[in-house]
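K.L.:
The following comprises the amino acid sequence and a computationally predicted model.
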Amino acid sequence: MSLQRCKRSAMSKKPEATVETLRIARLAHKGDGVVESEAGQIFIPYTLEGELVSAKVQGPRAELKEVIEPSAHRVAPVCKHYGTCGGCSLQHMDEASYKEFKRQQVVDALASRGIESAVEDVVVCDKGSRRRAVFAAVKAGHKVLFGYHTAKSNRLVDIEECPVIAPEIMKAVPGLRRLAGEVLPRKGELKFTVTTTQSGLDVAITGLGKNKDKHYLQLSQGAVENDLARLTVDGETIIEIRPPLLDMSGAAVPIPAGGFIQAALSAENTMGDLLAGGLKGCKRVADLFCGAGTLTFKIGQFANVHAVEGEASSLKALDLGLRRAKGLKKVTTERRDLFRRPIVAKELDNFGKGYDGVVFDPPRAGALAQAQELAKSPVKKIVAVSCSPASFARDMRELLDGGYEIKRVVPIDQFLYSPHVEVVALLERSA
């Protein structure tokens, strides 16, 4: 073996695992317990601040073996798969600690940008309220596994229960597992995105590739047997028995397969109530990154709205929903990539005839370019919605430096028992 290969082998070799007794100093932003050791930080999932634990340590990561001295805030998990399924990581926290952990995520993100602002208590959705689940399916010998991956692993947990998702999704799992068994390739896995709608379940399968053509009959029959509203495979509609409709502030919107929606209806309603308050008095509102109209229809109840979105399928769904909607103010739409071509300050002003309110709800990357233009605009009121506290704080910094004031910051939890948290902020331009 050459010297260079020996060096590469030594560099890639993992450190030996050791079982150690450790004290948890604090929690990291993803919920793992942090141990401060002489060798550096060690991260241990499923632990709480102050706990003494036994863990199998390998480098900076460790596997929890035993909780020797449990925290007073530790509770029994609500799911039998907790600890193996990678979907949840915070079921061992009591309610008060859980809410404060999520609120602190937002506080810390703002502080990292030098922003001191009051952050309200987290609004938490109910168990069994998540209306979309993404499952994986794979063959394991003669058995079909259908469920979620374990954390940081390709191993699949064949789920029998999930207290987070809507009951109708969980009820459909046995039938979807059977359907997966009929069409799964010998190697590889399929992804099932399952969404509850007013018309029944909307199921989008990806990963079948060329095998799709030879399985049309089984797929169609499976959709009928499971009473699905629609079944799509790799973007192609196999069968639509009923248009899959979502209620968006009273409008029935036919959602695109696998397209963006708010995970929980209660969270969407909370966002709608917040923006209605934050935009009070506005007559012309721009809804940026509008998707299929998650917030557009709410705004249209009290103001003229221009909805802007880059995804053609989402905009098509919004247009179809507008045809069904009644009692709205004027709603116009525009397809535009706001990352590459944000609405600039002059457009927002439109010689004094532009928008007096703006809502933006971007993907996880945030809306830096758009925030910079808003900071230069005369728009009076802004409602910012974000699924990433880090990019949210960065965008808030731009707006504050441009002369806006934060009036409210409200975290919303629609991904129960995960470290993820949404944020809604209401801003007004300083006098």
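P.N.:
Arrived safely, thanks for sending. Numbers count the residues shown, from 1 in each chain.

K.L.:
Could you point out the helix or strand that follows the helix or strand where residue 193 lies?
P.N.:
In the assignment (DSSP states H and E), residue 193 maps to strand 189-197. Next helix or strand after strand 189-197 toward the C-terminus (DSSP H and E): strand 200-206.

K.L.:
secondary structure class for residue 110?
P.N.:
Under the three-state scheme (DSSP: H, G, I helix; E, B strand; the rest coil), residue 110 adopts helix.

K.L.:
That one is in contact with residue 393, isn't it?
P.N.:
Yes: counting by Cβ atoms under 8 Å, residue 110 touches residue 393, with 4.9 Å between them. Bear in mind the C-beta positions are built from the backbone N, C-alpha and C, glycine included.

K.L.:
Just checking: what are the partner strands of the strand holding residue 193?
P.N.:
The strands beside strand 189-197 in its sheet (DSSP bridges) come out as strand 132-140 (antiparallel), strand 200-206 (antiparallel).

K.L.:
now residue 153, nearest residue through space, not along the chain?
P.N.:
residue 86 (7.2 Å; Cβ to Cβ, 6 or more residues apart in numbering).

K.L.:
Isn't that neighbour up against residue 152?
P.N.:
Yes: using Cβ under 8 Å, residue 86 is in contact with residue 152, at 7.3 Å.

K.L.:
Show me which of these two is the more surrounded one.
P.N.:
A direct count of neighbours by other Cβ atoms under 10 Å for residue 86 and residue 152 places residue 86 higher, at 19 against 9.

K.L.:
Tell me the spacing between that one and residue 42.
P.N.:
Residue 86 is 20 Å from residue 42, where distance means Cβ to Cβ, to the nearest Å.

K.L.:
just residue 22 next, same as before
P.N.:
In terms of Cβ to Cβ, residue 22 sits 7 Å off from residue 42.

K.L.:
Show me where the stretch 151-300 of the chain has its strands.
P.N.:
When assigned using DSSP state E, counting those that start in this stretch, the strands of the stretch 151-300 of the chain occupy the ranges 156-158, 189-197, 200-206, 230-233, 236-240, 245-248, 251-254, 284-288.

K.L.:
Show me where the stretch 251-400 of the chain has its helices.
P.N.:
265-278, 296-299, 312-324, 345-349, 368-375, 389-401 (DSSP state H, counting those that start in this stretch).

K.L.:
The third one vs strand 284-288, what angle?
P.N.:
Compare the direction of helix 312-324 with that of strand 284-288 by axes from the mean of the first three to the mean of the last three Cα atoms, to 10 degrees and you get 140 degrees.

K.L.:
buried stuff in helix 312-324?
P.N.:
By 16 or more other Cβ atoms under 10 Å, the buried positions in helix 312-324 come out as 313, 314, 315, 316, 317, 318, 320, 321, 322.

K.L.:
Beyond the helix or strand of the chain with the lowest mean pLDDT, next helix or strand please.
P.N.:
Counting by mean pLDDT, DSSP states H and E, the chain has its least confident helix or strand at helix 3-12, which shows a mean of 51. As assigned by DSSP H and E, the chain's next helix or strand after helix 3-12 is strand 18-23.

K.L.:
The helix or strand following that following strand: how far from the chain's middle?
P.N.:
Once the chain leaves strand 18-23, the next helix or strand it forms, by DSSP H and E, is strand 26-27. How far strand 26-27 lies from its chain's middle: 23 Å, per Cα atoms, centre = their mean, to the nearest Å.

K.L.:
any residues touching strand 26-27, and which ones?
P.N.:
With Cβ atoms under 8 Å, 6 or more residues apart in numbering as the test, strand 26-27 has contacts from 33, 34, 48, 49, 101.

K.L.:
Put together JSON lines for those residues, with distance to residue 158 on each row.
P.N.:
Formatted as JSON lines, these follow (distance: Cβ to Cβ, whole Å):
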{"residue": "33", "distance to residue 158": "28"}
{"residue": "34", "distance to residue 158": "32"}
{"residue": "48", "distance to residue 158": "29"}
{"residue": "49", "distance to residue 158": "33"}
{"residue": "101", "distance to residue 158": "30"}
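
K.L.:
ok now do residue 342, which residues does it touch?
P.N.:
Contacts of residue 342 (Cβ under 8 Å, 6+ apart): 367, 369, 370, 372, 373.

K.L.:
The third one reaches residue 343, doesn't it?
P.N.:
Meaning residue 370. Yes: counting by Cβ under 8 Å, residue 370 does reach residue 343; the two are 6.9 Å apart.

K.L.:
For those two, list the residues in contact with both.
P.N.:
Joint contacts of residue 370 and residue 343 (Cβ under 8 Å, 6+ apart) are residue 288.
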